[in-house]
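Asks: compute the structure for the input listed below.
(2 chains)
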Protein chains: 2
Amino acid sequence: MRYQLFYWPGIQGRGEFVRLALEDAGAAYEDVARKAGGMDKMMAMLQSARDKHAPYAPPFLKAGKLVIAQSGNILFYLGPRLKLAPRDEAGRLWLHQLQLTVTDFVKEIHDTHHPIAGGLYYEDQKAEAKKFTHYFLKDRAPKYLGYFEAVLKKSGGPYTLGRKFSYLDLSLFQLVEGLRYAFPDAMARIERKVPHVVAVRDAVAARKRIKAYCMSVRRVAFNEHGIFRHYPELDE
Amino acid sequence: MRYQLFYWPGIQGRGEFVRLALEDAGAAYEDVARKAGGMDKMMAMLQSARDKHAPYAPPFLKAGKLVIAQSGNILFYLGPRLKLAPRDEAGRLWLHQLQLTVTDFVKEIHDTHHPIAGGLYYEDQKAEAKKFTHYFLKDRAPKYLGYFEAVLKKSGGPYTLGRKFSYLDLSLFQLVEGLRYAFPDAMARIERKVPHVVAVRDAVAARKRIKAYCMSVRRVAFNEHGIFRHYPELDE
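Replies: Take a look at the predicted model:
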């Protein structure tokens, strides 16, 4: 199967969680909106007045006739096909549950720079962003990462599911990389309490295909248009 | 199968999306935390140092040996079993994708009164809540509801999946009911543009089991501890 991934070019964003899975599996895929004419194709699918299953927003994946949106839902679909998830129902549901917790975390990470409205600039909500980020770094990030730390401890390690590697480990890698980029000072402190999460990050960084991907032009660099943004005044 | 639902007593919150599905299907279930000693049971499961699959947060459902968290994930599991979702993979993924969009919407609804931090009181973030809600009522609520309106139009109606009733219709009912409670003035205006969504709300309200449920003590009343809160100063 050759997949087509549709996501905003120029940022990693929520599409990156899917991209990491496709890359780690060595799957054949096209990053449609990053090619000439691709943005028009993506917008046409989003705004289709005929397509009954038009998504609410990117990322979405085209797999044959299927069009699947919502990063967690896409990973749920891809997981067993890319050998990045178990095949049994209980195992898939558990992994998906964790991925939806990642999704919740990602939304709060986004809100550190956009707590009032996605339609406003960061500059228009800087005071509120400072307040939001204070509680995010004090309470929320440690709570989410602490939860994944506890899951990893109980799994027996080294991965979320124990010895079996999964797409959730790739998402943990992305969370740590992104948070390090956005909040280097705070993360240096927070990381000390979640060594198992950091160990997963290290293990993923050392995987052959991920290593090659991260050095390639296919990996968009972190920047101040995406989910993880480095505004020094927000770091603590 | 007799299910056990675990959720904070005293609010509808995210648990209500699951509860509506169980009630509409006439499923046998126990609302554990609303019974004597139930809160202790729920907290023990959340804080278990042994259980590998301890959830991050309520709601979660116990189905035999399975424990499933995240409202969208629970509905994905229950859907075909309660005859509230198709059985084929494509149909289940599409419905789940829509439910995850409901989840995103619910988070923004929550943030109308808690834009800065869940750990602070509303009174400590009133000015920010006013700002957030302004953009929420102007842009976000119309955008989300407009998306579901478009899906309903394309489905051929009367339901999200066309002639087949599903748990997504129950969630649309809950969204309209909650938004009417929280923002009666703004919703009167917004609703005019989403007649198909309102028609689903009406169809659900007329369903025998839902009618009985809404008049029973099992339906917690909307209040200012839940997701949908009525603060007159936020309505526009």
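
Asks: drop to CA atoms for contacts and neighbour counts, all remaining ones
Replies: Will do.

Asks: how many residues are close by A:R92?
Replies: Neighbour count for A:R92, taken as other Cα atoms under 10 Å in any protein chain shown: 16.

Asks: start to end distance for stretch A:19-30?
Replies: 10 Å (Cα to Cα, to the nearest Å).

Asks: buried set for that stretch?
Replies: Within stretch A:19-30, the residues that count as buried by 16 or more other Cα atoms under 10 Å in any protein chain shown are A:19-25, A:29.

Asks: which ones among those map onto strands?
Replies: Among the buried residues of stretch A:19-30, the ones falling in strands (DSSP state E) are A:Y29.

Asks: which non-adjacent residue is nearest A:L137?
Replies: Leaving aside its chain neighbours, A:L137 sits nearest to A:A186 (6.9 Å; criterion: Cα to Cα, 6 or more residues apart in numbering or on different chains).

Asks: is chain B contacted by the lengthiest helix in chain A?
Replies: Longest helix of chain A, by residue count under DSSP state H: helix A:89-111. Yes. Using Cα under 8 Å from any Cα of the partner chain, helix A:89-111 comes into contact with chain B via A:90, A:93-94, A:96-97, A:100-101.

Asks: that helix - contacts with which helices or strands?
Replies: Secondary-structure packing of helix A:89-111 (3 or more Cα pairs under 8 Å, 6 or more residues apart in numbering or on different chains; DSSP states H and E): helix A:71-81, helix A:167-182, strand B:66-69, helix B:71-81.

Asks: ok, residues contacting stretch A:152-169?
Replies: If you take Cα atoms under 8 Å, 6 or more residues apart in numbering or on different chains as the criterion, stretch A:152-169 is touched by A:21, A:75, A:79, A:83-85, A:95, A:98-99, A:151, A:196-197, A:199-201, A:204, B:49-52.

Asks: what subset of the residues you listed is buried?
Replies: Counted by 16+ other Cα under 10 Å, the contacts of stretch A:152-169 give A:21, A:75, A:79, A:84-85, A:95, A:98-99, A:151, A:196-197, A:200-201, A:204, B:52 as buried.

Asks: ok, so of these, who is nearest B:K138?
Replies: A:Q99 (30.7 Å; Cα to Cα).

Asks: contact partners for the closest one?
Replies: By Cα under 8 Å, 6+ apart, the contact list for A:Q99 reads A:72, A:168, A:171.

Asks: among those residues, which one lies nearest to B:K62?
Replies: Checking the contacts of A:Q99 against B:K62 by Cα to Cα gives A:G72 as the nearest, at 21.9 Å.

Asks: now do the closest one against B:R218, distance only.
Replies: If you go by Cα to Cα, the gap between A:G72 and B:R218 works out to 32 Å.

Asks: relative to A:I68, how far out is A:K62?
Replies: In terms of Cα to Cα, A:K62 sits 7 Å off from A:I68.

Asks: and for chain A, the residue most distant from the center?
Replies: Relative to the centre of chain A, and counting by Cα atoms, centre = their mean, the farthest-placed residue is A:R50 at 30.1 Å.

Asks: let me see the backbone angles for it.
Replies: Backbone torsions for A:R50, taken as degrees, to the nearest 10, come to phi -100, psi -40.

Asks: got it, and the one 3 residues further on?
Replies: Geometry field for A:H53 lists phi and psi as phi -110, psi 30, criterion degrees, to the nearest 10.
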